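Asks: Have a look at this prediction, sequence included:
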Amino acid sequence: ILAATLGMKIYNFVWVTVIGTLPSVVSCVVIGNQIVKSNYWVSIGVFAFLVIVMVVVIVKKDYIMEKVMYKKYKDHLDFIKKAPLKKPNAALVETVKLIGRTVYRKKLNFRYKYEIDIDKLEAPFVVINNHGSVYDFIYANLALKKRRMNNVMAYDFFCRKRFGKLLVKAGCIPKFLFCPDITSTKKMMKTIKEGRILGLAPEGRLSPSGSMETVNAATVKLLKKLNVPVVNVHIEGGYLTKPKWADKIRKGRVDVTVSKLFDAEDFKNFSDKELAEKLENALNYNDFEWQERENVRFKSKKIAEGADGILYLCPDCGELFSVKSEKDRIYCEKCGMEIKMDNYYRFSSENAVNLPANIDAWYKLQKDFEYANTADKDFALSADVTLKMPDADGGKFNEIAKGKAVLSGEGLRFDGGETQLFFPLKNLEALPFACKQDFELYSDEKFYYFAPEKPEVSVRFSVAAEQFHKRYLEEQLKRLPATDDLNEIRP
């Protein structure tokens with residue numbers, strides 16, 4: 001029973017409990033024998049040695065137990081999937097939070113406004129936050145002050161061996177995004193059951209343009225199942241401080257508001273549709289609208305550089321992938337349109353005919369463009385890509401095959417010769433991407449990394465996939481006249 005409770009194989013348990021007692025038996029015999037012979041100095045030396053060994057064992061207990069218990073995992077990825085949920089390691093988490101409070105507070109210039117007394121809110125509860133910046137993890141965790149939480153994070157962060165083990169030690173929970181993940185759900189429920197705090201970012205991926213992305217459709221169902229209070233950490237200015245497409249931080253200001261979104265009773269009193277509306281309203285943000293009110297200056301000599309990682313459609317001539325960026329300029333190589341962006345993220349131009357209001361408006365223009373394209377049943381995107389997947393032992397991603405990726409109204413298909421893959425449209429709720437690097441997909445508890453030969457097309461695959469899926473949901477809605485709620489027909 002004890003072996004099962006500890007998660008140890010019976011043979012390991014017998015080895016530890018039986019063989020593990022031998023050092024104490026031998027030490028008692030040796031010390032007793034020396035005392036009988038009145039050899040006190042030898043006795044004291046042996047005793048001191050045993051004390052040192054005991055201290056080392058206590059300090060390194062987690063490492064020792066990991067070596068004993070985790071041999072049942074066949075490789076690193078198996079460990080990531082099956083490793084037992086851990087309480088956040090105090091030393092590790094507090095070290096990260098200390099760096100956040102000191103180094104990153106100065107770099108990011110964030111400030112908090114509390115609408116609840118977070119110290120008096122009893123655990124368990126859930127913390128949610130919008131996701132405009134890679135530093136949202138810092139903002140959300142520091143909002144808890146002296147308390148710690150188990151954070152749900154994208155599975156790919158765990159794939160590198162050393163970093164993955166650190167995340168597990170910190171109590172983080174790996175999640176396969178935009179697809180069913182029973183293991184992750186069980187760990188979330190266990191976090192709450194054990195009276196701890198759970199951290200979620202329901203958008204599931206970084207915003208490319210500084211406004212809210214679609215919220216994972218399963219979030220409301222999960223919150224209802226957890227049935228505990230929900231705290232909202234609302235972040236504004238985070239995107240403008242470090243956009244998805246930027247290499248470096250642009251210091252300005254980040255405003256973080258902490259409030260209570262739901263009490264446990266709310267999950268009984270409101271319908272799923274009402275809960276979803278309240279959730280989306282709470283998460284909703286647009287950093288450019290916030291900037292219109294706050295007028296914050298963001299420091300950078302290259303404020304616009306990198307924006308062509310998400311902007312690929314010229315608003316004047318309509319050419320694809322002719323948009324480039326350099327320092328404070330965004331321009332079209334074909335028609336010569338040129339836009340200047342100042343340190344307040346404001347656009348100005350002397351020759352643009354269709355000048356977008358800001359980067360977010362430009363990105364939404366691309367969404368409208370791709371949505372119109374999806375009305376054509378023959379519309380499809382194709383690209384030569386290299387398919388990579390995580391290394392089982394936690395090393396660099398392995399190249400699986402080279403081939404062609406085709407995105408259409410049916411879904412995403414990969415033809416790599418002997419490697420043939422197909423992901424139906426109903427499962428393509430979102431297609432995360434890295435600017436000028438790749439687009440990514442989770443399916444059947446696997447992570448697929450597609451690196452196009454022309455990496456700038458990554459963003460278009462992501463935008464088009466979202467619009468294909470949006471049209472798919474609308475078509476499904478037409479067949480179900482009894483409902484006007486897209487959340488009810490999402491898989």
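Replies: Looks like it arrived, so ask away. Numbers count the residues shown, from 1 in each chain.
Asks: Pretty sure Ala201 sits against Val127.
Replies: No. When contacts are counted by CB atoms under 8 Å, Ala201 is not listed as touching Val127 (9.7 Å). All C-beta atoms are positioned from the backbone trio N, CA, C, and that covers glycine.
Asks: Give the residues shared as contacts by the two.
Replies: Counting by CB atoms under 8 Å, 6 or more residues apart in numbering, the common neighbours of Ala201 and Val127 are Ala140.
Asks: Under the pLDDT cut-off, which ranges of this structure? List them.
Replies: 1-43, 46-47, 50, 57-72, 481-491 (pLDDT under 70).
Asks: Which single helix of it contains the most residues?
Replies: Ranked by residue count and defined by DSSP state H, the top helix of the chain is helix 458-479.
Asks: And that one, how far out from the chain middle?
Replies: On the basis of CA atoms, centre = their mean, to the nearest Å, helix 458-479 sits 22 Å off its chain's mean C-alpha point.
Asks: So which elements touch it?
Replies: If contacts are counted by 3 or more CB pairs under 8 Å, 6 or more residues apart in numbering; DSSP states H and E, helix 458-479 sits against helix 359-373, strand 381-389, strand 398-407, strand 433-434, strand 438-443, strand 446-452.
Asks: TSV for those, including distance to Ser259?
Replies: Putting the helices and strands packed on helix 458-479 into TSV (distance: least, CB to CB, whole Å) gives the following:
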stretch	distance to Ser259
helix 359-373	24
strand 381-389	41
strand 398-407	39
strand 433-434	31
strand 438-443	31
strand 446-452	34
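Asks: Need these in CSV (columns: distance to Lys169 and mean neighbour count).
Replies: Listed next are the helices and strands packed on helix 458-479 as CSV, based on distance: least, CB to CB, whole Å; neighbours: other CB atoms under 10 Å:
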stretch, distance to Lys169, mean neighbour count
helix 359-373, 37, 18
strand 381-389, 25, 18
strand 398-407, 25, 17
strand 433-434, 26, 22
strand 438-443, 23, 22
strand 446-452, 21, 20
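Asks: Surely Tyr104 is in a helix?
Replies: Yes. According to DSSP: H, G, I helix; E, B strand; the rest coil, the state of Tyr104 is that of a helix.
Asks: What count of nearby residues applies to it?
Replies: Close neighbours of Tyr104, defined as other CB atoms under 10 Å, add up to 18.
Asks: contacting residues for it?
Replies: Counted by CB under 8 Å, 6+ apart, Tyr104 has contacts Tyr135, Ile138.
Asks: gap between it and Ser300?
Replies: To Ser300, Tyr104 is 17 Å away according to CB to CB, to the nearest Å.
Asks: related to what we said a few turns ago, run the angle between the longest helix of the chain and strand 438-443 for me.
Replies: Relative orientation of helix 458-479 versus strand 438-443 (axes from the mean of the first three to the mean of the last three CA atoms, to 10 degrees): 40 degrees.
Asks: If anything else comes up later, I'll come back, but that's it for now.
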